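Enquirer: below: sequence and its predicted model.
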Amino acid sequence: QVQLQESGPGLVKPSGTLSLTCAVHGGSISSTNWWSWVRQPPGKGLEWIGEIYHSGSANYNPSLKSRVTISVDKSKNQFSLKLSSVTAADTAVYYCARVRGPTVTTRTFDIWGQGTMVTVSS
Amino acid sequence: QSVLTQPPSVSGAPGQRVTISCTGSSSNIGAGYDVHWYQRLPGTAPKFLISGNNNRPSGVPDRFSGSKSGTSASLAITGLQAEDEADYYCQSYDSSLSGSKVFGTGTKVTVL
């Protein structure tokens, strides 16, 4: 059974860069799945950040695209998120998730990590 | 931010049927794209509940079912149980946002 585990600093300074890693356990990141980041600010709904395939091909939420980079490290079976120029509005619980399905319009987030809280504050 | 609108809350007594609506537009649900549903129990990560073609992962009871019509979708929970008290989110694909995946605003289900 595939399990995902997020890790990274829980506190980031304003204007800094948020960096998180998601380790994939019990399966290969090189399988025919996409791997994604989703966040949830306190008291708000879920927001898709972006996704990556093991080839390195990535898609991003247009509202965050200028600040986001998602990368994959097949040797470590993990993928990572970098979000630059953060502000308090980026304070959220960040989840990594596996995206599974035959086509881009039918894929689902079928496995989620437990989430990690990141606070942007000086 | 969310392009899919859900009611903030719904409630029902144990055993009742409740439905959660998810309203979108012609660039997502109305374009025929699948709508998937997720359940987030208090203090836990979201869990995949049901896909657009009504496939449920192993362990999800058939009390949960999904439907879609026009620019809206619905999640129905029949035989409501105390363990169903959670937040529920719909999710789809939006062609007007460079192929973004979009989530609903979320609905809190309370079992009375």
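Expert: Perfect, I can see it now.
Enquirer: what comes up buried for stretch A:108-122?
Expert: Using 16 or more other C-beta atoms under 10 Å in any protein chain shown as the test for burial, stretch A:108-122 gives A:108-113, A:115-116, A:118, A:120. C-beta coordinates here come from the backbone N, C-alpha and C atoms, glycine included.
Enquirer: quick check: end-to-end length of that stretch?
Expert: End-to-end distance of stretch A:108-122 (C-alpha to C-alpha, to the nearest Å): 36 Å.
Enquirer: kindly report the same for stretch B:68-82.
Expert: Start-to-end span of stretch B:68-82 (C-alpha to C-alpha) is 26 Å.
Enquirer: lowest average confidence across helices and strands of the chain, where is it?
Expert: Here I'm looking at chain A. The weakest-scoring helix or strand in chain A, judged by mean pLDDT, DSSP states H and E, is strand A:58-60 (a mean of 92).
Enquirer: actually chain B
Expert: Result, chain B / mean pLDDT, DSSP H and E: strand B:100-103, a mean of 92.
Enquirer: what number of residues lie near B:Gly79?
Expert: Residues near B:Gly79, counting by other C-beta atoms under 10 Å in any protein chain shown, number 12.
Enquirer: so what's it up against?
Expert: By C-beta atoms under 8 Å, 6 or more residues apart in numbering or on different chains, B:Gly79 lies in contact with B:15, B:17, B:63.
Enquirer: just those residues: which are in helices?
Expert: Judged by DSSP state H, helices contain none of the contacts of B:Gly79.
Enquirer: highest neighbour count among those residues?
Expert: B:Arg63 (14 neighbours).
Enquirer: so it touches B:Glu83, yeah?
Expert: No - using C-beta atoms under 8 Å, B:Arg63 makes no contact with B:Glu83, being 10.6 Å away.
Enquirer: ok, residues contacting the strand or helix carrying B:Thr19?
Expert: Using DSSP states H and E, B:Thr19 sits in strand B:18-23. Residues from elsewhere that reach strand B:18-23 (C-beta under 8 Å, 6+ apart): B:4-7, B:10-12, B:29, B:35, B:71-77, B:80, B:88, B:90, B:104, B:107, B:109.
Enquirer: list the buried residues for that strand?
Expert: For strand B:18-23, the neighbour count (16+ other C-beta under 10 Å) marks B:18, B:20-23 as buried.
Enquirer: count of residues packed around A:Phe79?
Expert: 27.
Enquirer: on the strand side of things, show who it bridges to.
Expert: Beta-bridge pairing for A:Phe79 (DSSP bridges): A:Cys22, A:Val72.
Enquirer: I figured it hits A:Trp35, correct?
Expert: Yes - the pair A:Phe79 and A:Trp35 passes the contact test of C-beta under 8 Å, sitting 4.8 Å apart.
Enquirer: pull up the overlap in contacts between those two.
Expert: A:22, A:24, A:29, A:52, A:72, A:96.
Enquirer: give the contact list for B:Lys101.
Expert: Counted by C-beta under 8 Å, 6+ apart, B:Lys101 has contacts A:36, A:48, A:51, A:107, B:91-94.
Enquirer: quick one: the strands in chain A?
Expert: Ranges of strands in chain A, per DSSP state E, are A:3-7, A:11-12, A:18-25, A:34-40, A:47-52, A:58-60, A:68-73, A:78-83, A:92-100, A:108-112, A:116-120.
Enquirer: ok, for the spatially most central residue of chain A, nearest residue in space, not its chain neighbours?
Expert: With distances taken as C-alpha atoms, centre = their mean, the residue of chain A nearest its centroid is A:Trp37 (2.3 Å). For A:Trp37, ignoring the flanking residues on the chain, the nearest one in space by C-beta to C-beta, 6 or more residues apart in numbering or on different chains is A:Ile49 at 4.1 Å.
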